[in-house]
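> What follows is a predicted protein model with its sequence.
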Amino acid sequence: MLEQPVVIITGASSGIGAASARLFARSGYRVVLAARRVEKLEALDKEITVEGGEAIAISVDVGKIDAIQEMVNKTLSAYGRIDVLVNNAGFGRTKWLEELDPVTDIAAQVQVNLLGSIQSARAVLPIMIKQESGHIINVASLAGYIASPTYSVYAATKFGLRGFTDALRREVGVLGIKVSAIYPGAVKTEFASHMQAERKTGITTPEALQLTPEKVGQAILKIANGRRSKSVVIPGISRLGLWFEMLFPRLNDWIIEQTFTKPERLD
Ligand SMILES: NC(=O)c1ccc[n+]([C@@H]2O[C@H](COP(=O)([O-])OP(=O)(O)OC[C@H]3O[C@@H](n4cnc5c(N)ncnc54)[C@H](OP(=O)(O)O)[C@@H]3O)[C@@H](O)[C@H]2O)c1
């Protein structure tokens with residue numbers, strides 16, 4: 001391709017999305033920075049431009065279909081093509097199900113994490129089909145493989161995103177379009193501050209296993225530049241947990257109940 005490729009990154013105002021945006025820009029992509037906090041996007045846009053990269057900031061709430069379509073239209077007006085969509089916008093609320101607010105916690109997580117990604121993919125597909133190329137990369141989570149207590153709705157969205165990714169890949173691969181997903185463990189971002197988690201046990205991911213947003217961004221860029229669709233679990237060592245869950249689901253229930261649920265709920 002002679003033209004510089006174009007990537008849309010949702011949730012580019014912080015964390016994994018912002019780190020990915022810097023990395024894509026440095027590697028020659030024209031970057032569409034999308035999220036709600038437009039002042040953060042504009043600051044990142046400026047930073048990328050100063051470094052010699054190219055970006056535009058677009059204010060979008062991925063919970064709204066019209067806003068998603070507008071994001072796609074603005075991208076086409078600015079750059080004329082869409083090579084990669086990184087569906088990264090998302091948040092988690094980790095409480096017992098009965099304590100989650102039906103609207104602001106439950107419906108909103110499904111609306112943003114799952115439907116936002118599905119609707120964004122649907123909105124870019126006609127362009128990618130016409131181009132006979134493109135790559136949709138969904139930022140899921142280890143919670144898309146292993147469902148933990150207090151993550152019921154978040155896990156539902158990320159399990160959903162995994163199913164969506166696998167089905168869509170099988171729909172559009174023959175048209176020259178790749179569909180990938182990344183499943184990160186804990187990442188040091190603003191994410192935790194939005195979770196509203198209350199823990200008696202203080203159980204959390206050990207520091208040594210926590211990823212930086214840059215590490216996840218590098219993995220996303222590698223997926224984008226790869227020749228095939230990918231499913232990447234990061235850090236690699238967490239695959240052990242996936243195998244354990246698959247082989248011994250009932251034992252895992254028991255361990256989680258003893259070490260987490262009982263002390264949190266009953267003690
Ligand atoms: N951090 C982790 O431990 C972890 C682990 C696995 C997977 N993930 C996933 O990684 C993705 C990025 O999270 P992060 O860790 O980078 O957290 P973060 O720093 O809180 O970033 C979340 C991003 O999503 C955007 N966003 C939230 N709601 C939105 C909406 N309605 N419309 C548009 N943008 C919206 C936020 O921007 P605005 O507020 O400006 O809209 C922000 O840019 C999420 O999908 C998350 O589920 C995170």
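It's in.
> so how far is the helix or strand bottoming out on mean pLDDT in the chain off the chain centroid?
Ranking every helix and strand in the chain by mean pLDDT, DSSP states H and E puts helix 191-194 at the bottom, with a mean of 86. Between the centre of helix 191-194 and the centre of its chain there are 14 Å (Cα atoms, centre = their mean, to the nearest Å).
> Would it count as contacting the ligand?
Yes. Helix 191-194 reaches the ligand (Cβ under 6 Å from any ligand atom) through 191, 194. Just so you know, the C-beta spots here come from the backbone N, C-alpha and C atoms, and that holds for glycine as well.
> in the helix or strand that that helix is followed by, what's buried?
Of the helices and strands lying after helix 191-194 in sequence (DSSP states H and E), the nearest is helix 213-225. Neighbour-count burial for helix 213-225 flags 213, 214, 215, 216, 217, 219, 220, 221, 223, 224 (criterion: 16 or more other Cβ atoms under 10 Å).
> again, but for stretch 185-202
By 16+ other Cβ under 10 Å, the buried positions in stretch 185-202 come out as 185, 186, 187, 189, 191, 192.
> Likewise for stretch 71-82?
Going by neighbour count (16+ other Cβ under 10 Å), the buried part of stretch 71-82 is 71, 72, 74, 75, 79, 81, 82.
> of all those residues, which two lie farthest apart?
Maximum pairwise distance among the buried residues of stretch 71-82 (Cβ to Cβ): 14.5 Å, between 71 and 81.
> Next, format the buried residues of stretch 185-202 as CSV and append distance to residue 254.
Formatted as CSV, those follow (distance: Cβ to Cβ, whole Å):
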residue, distance to residue 254
185, 22
186, 23
187, 28
189, 32
191, 29
192, 27
